[in-house]
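> Give the three-dimensional model of this entry:
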Amino acid sequence: MPLVEVERDGEVAVIAINRPEVRNAVNRACAEELSHAFREFETDDTAKVAVLTGKGGTFCAGADLAALARAEGNRFERHGDGPMGPTRMMLAKPAIAAVEGYAVAGGLELALWCDLRVVADDAVLGVFCRRFGVPLVDGGTVRLPRIVGLGRALDLILTGRPVGAEEALGMGLATRVAPKGQALASAIDLARQIAAFPEVCMLQDRASAYEGLEMGIEEALRNEYQHGTVSVRDRMNEMAQGFVEGRGRHGDFG
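Here you go, the predicted model:
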């Protein structure tokens, strides 16, 4: 049985951690399969958005500490993939986390790695690895402050406390809240909406937003212009014709 399952929903790739018996804790083999799945997604021109989820009602409980106790720990090297797998990859296309149950420790870091997080209303997020002296080494200390701000990030990092869906939404950790059992369906629906937009422009704007985080305002504005010229050059005539024909008006992108 694969540790990671990949299914297609049109232009959406659904990538699911398949270790429900251990709340989808990620061991070394599972991390490798996750990395492989996302590299396949990245190079597949027919897949525009990925949705990352977990089987059996849990997103991911983090790294498999039981395997670590057996001296079968995850990869832990300075270069290459992270312990949880794809967390050091810089995807060129969007990914959405569909969170049911727990997204804690390394599982939270996987969710933070995604662009957006759709969270079930009874989900729990948190830096639970604080309890065991296990560090955040899959981007948690880097991405969490950028998403929720330093003050809130330090609250979660220092205390390891659980965060419910509504609080996560209020602090910007969650992008959407869905009813219990509907996070995946809601995430796929959101992914379809994103996939329906003109892709070049969407990807260029996304890239500019990420790259601008590392730049001063003037450099970021120049960089935004460069990305914008790619979008304009790629689709100038099509954009103008689409506007004249009313495409995109009132949310209709047919």
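
> In the stretch 101-250 of the chain, where is pLDDT below threshold?
234-250 (pLDDT under 70).

> Tell me where the stretch 1-150 of the chain has helices.
All helices of the stretch 1-150 of the chain, identified by DSSP state H, counting those that start in this stretch, fall at 28-43, 65-69, 106-113, 140-148, 150-159.

> Report the inter-axis angle for the last one versus helix 106-113.
Here helix 150-159 points in a direction 160 degrees away from that of helix 106-113 (axes from the mean of the first three to the mean of the last three CA atoms, to 10 degrees).

> Work out the sheet partners of the very next helix or strand once past helix 150-159 and label each with its direction, please.
The element immediately downstream of helix 150-159 (helix or strand, assigned by DSSP states H and E) is strand 163-164. Counting by DSSP bridges, the strands paired with strand 163-164 are strand 124-126 (antiparallel).

> What helices and strands are in contact with the one helix or strand residue 209 maps to?
Counting by DSSP H and E, the element that carries residue 209 is helix 199-212. Judged by 3 or more CB pairs under 8 Å, 6 or more residues apart in numbering; DSSP states H and E, the packing partners of helix 199-212 are helix 217-245. Bear in mind the C-beta positions are built from the backbone N, C-alpha and C, glycine included.

> what residues are up against residue 11?
46-49, 192, 195 (CB atoms under 8 Å, 6 or more residues apart in numbering).

> Out of those residues, name the two that are farthest from one another.
46 and 192 (14.1 Å; CB to CB).

> ok, these two, which is more surrounded?
Looking at residue 46 and residue 192 with other CB atoms under 10 Å, you find the greater number of neighbours at residue 192, namely 16 against 8.

> Pretty sure that one sits against residue 10.
Yes. Counting by CB atoms under 8 Å, residue 10 is a contact partner of residue 192 at 6.8 Å.

> intersection of neighbour lists for these two?
Counting by CB under 8 Å, 6+ apart, nothing touches both residue 192 and residue 10.

> Tell me, how many residues neighbour residue 128?
So residue 128, with other CB under 10 Å, has 21 neighbours.

> what's the closest non-adjacent residue to it?
Among residues not flanking residue 128 along the chain, residue 104 sits closest, at 4.0 Å (CB to CB, 6 or more residues apart in numbering).

> Tell me which of the helices of the stretch 1-150 of the chain sits nearest to residue 188.
helix 28-43 (14.4 Å).
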